[in-house]
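Chemist: Provided below for reference: sequence and predicted model.
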Amino acid sequence: MNTIEYLNAKKIKFREIKLSGVPRTAKDVVKIYGCPLEQVLKTLVFVGKTVIIIVLQGDKKVNMEKVRSITKDKKIRMSTPNEIVKLFNKNIGSLDPFIKCENCIKILDKKIFSIDKVNMGSGIPGIGIEMATEEFRKAWDGVIDDIT
């Protein structure tokens, strides 16, 4: 099930955006979508005792000490591009917040709820998603905490 099917199954309201290019970074999304960087959600993958998916605003940085505290794992590191391909059969820049991951820890930075809407990848090249942050909260299936 892809992200659009997942959101539809959960009856989440969102808007599909046809993209003129394929973004690889949050700054690419700003150029292609034309939205502010704070509205862009980036999906990062870390590895430790398990795989950790972190979702935060494009203008924020992960506080690793906070993530280590939440996961109770002191040896977390950023995944490599090859690990992302092995884990998800996707390249960097094509991960979306709702990517399926068995036995993963998924953490969303709670600061996203200080804004009204967010933009993110859909996991499908050429299609982006925009939705209200409250709709995003309904769809999220992981931890919500302060990680920036």
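Modeler: Looks like it arrived, so ask away.
Chemist: isn't Lys10 right up against Ala139?
Modeler: Yes. Using C-beta atoms under 8 Å, Lys10 makes contact with Ala139 at a distance of 5.5 Å. No exception for glycine: its C-beta is placed from N, CA and C like everyone else's.
Chemist: more neighbours, the two?
Modeler: Between Lys10 and Ala139, counted using other C-beta atoms under 10 Å, Ala139 has the larger neighbour count: 18 against 12.
Chemist: show me the contacts for that one.
Modeler: Neighbouring residues of Ala139 by C-beta atoms under 8 Å, 6 or more residues apart in numbering: 6-7, 10, 12, 98, 131.
Chemist: Mind checking what secondary structure the spatially closest residue to it that is not a sequence neighbour has?
Modeler: Sequence neighbours aside, Ile12 is the residue nearest to Ala139 in space, at 4.6 Å (criterion: C-beta to C-beta, 6 or more residues apart in numbering). At Ile12 the chain is in coil, as set by DSSP: H, G, I helix; E, B strand; the rest coil.
Chemist: Show me which positions of the lowest-mean-pLDDT helix or strand in the chain end up buried.
Modeler: Across the helices and strands of the chain, mean pLDDT, DSSP states H and E gives its lowest value to helix 26-33, namely a mean of 76. The neighbour-count check on helix 26-33 (16 or more other C-beta atoms under 10 Å) flags 26, 28-30, 32-33 as buried.
Chemist: Only C-alpha atoms, please: export that helix in CSV.
Modeler: Extracted C-alpha coordinates of helix 26-33, given in CSV (Å, rounded to 0.1, in the frame of the first residue of the first chain):
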residue,chain,number,x,y,z
ALA,A,26,13.7,19.9,1.8
LYS,A,27,15.2,22.9,-0.1
ASP,A,28,14.3,21.2,-3.4
VAL,A,29,10.7,20.9,-2.2
VAL,A,30,10.6,24.6,-1.5
LYS,A,31,11.7,25.4,-5.1
ILE,A,32,9.3,22.9,-6.6
TYR,A,33,6.2,23.3,-4.3
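Chemist: Great, nothing more from me.
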